[in-house]
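Asks: build me a model from this:
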Amino acid sequence: VQLQASGGGLVQAGGSLRLSCAASGTISDLRSMGWYRQVPGKQHELVATITTGGETIYGDSVKGRFTISRDSAKNTVYLQMNNLKPEDTAVYYCHAEIGRLVTSNFWGQGTQVTVSS
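Replies: Residues are numbered from 1 along each chain as shown. The predicted structure is shown next:
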């Protein structure tokens, strides 16, 4: 399974960006896809995930500003990020959880999001 992320970049505070992540390869029993982010020296932080059933989970710091959505036919997940803040600056990693009885985690290559003040 390969995850290809795109859409990062530089934006001013208050601006918006949209991230995309497409999963390819042999995919069966896709359970969820989502985004985590990491700042140097800190652990991965959950941004948002969405299950194949459409259930969403958001990190507290992005609730009300970010929206995750999916295109199941394309195995693609999107993250619309609005009202961006400098503290949203991080490398954003796409994530997929696959499996039925035993799950496996897959990660994309990461895309940089930089929010200037």
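Asks: pretty sure Phe106 sits in a helix.
Replies: No: according to DSSP: H, G, I helix; E, B strand; the rest coil, the state of Phe106 is strand, so it is not within a helix.
Asks: and it, how many residues sit next to it?
Replies: By the criterion of other CB atoms under 10 Å, Phe106 has 17 neighbours. Backbone N, C-alpha and C define where each C-beta goes, glycine included.
Asks: can you check the one 10 residues further on too?
Replies: Using other CB under 10 Å, Ser116 has 11 neighbouring residues.
Asks: the closest residue to it other than its chain neighbours and Asp71, how far apart?
Replies: Here the nearest residue to Ser116 in space, its sequence neighbours aside, is Gln12; by CB to CB, 6 or more residues apart in numbering that works out to 5.4 Å. Noted for Gln12: a distance of 29 Å to Asp71, by CB to CB, to the nearest Å.
Asks: okay, Leu30: pLDDT?
Replies: In the predicted model, Leu30 carries a pLDDT score of 89.
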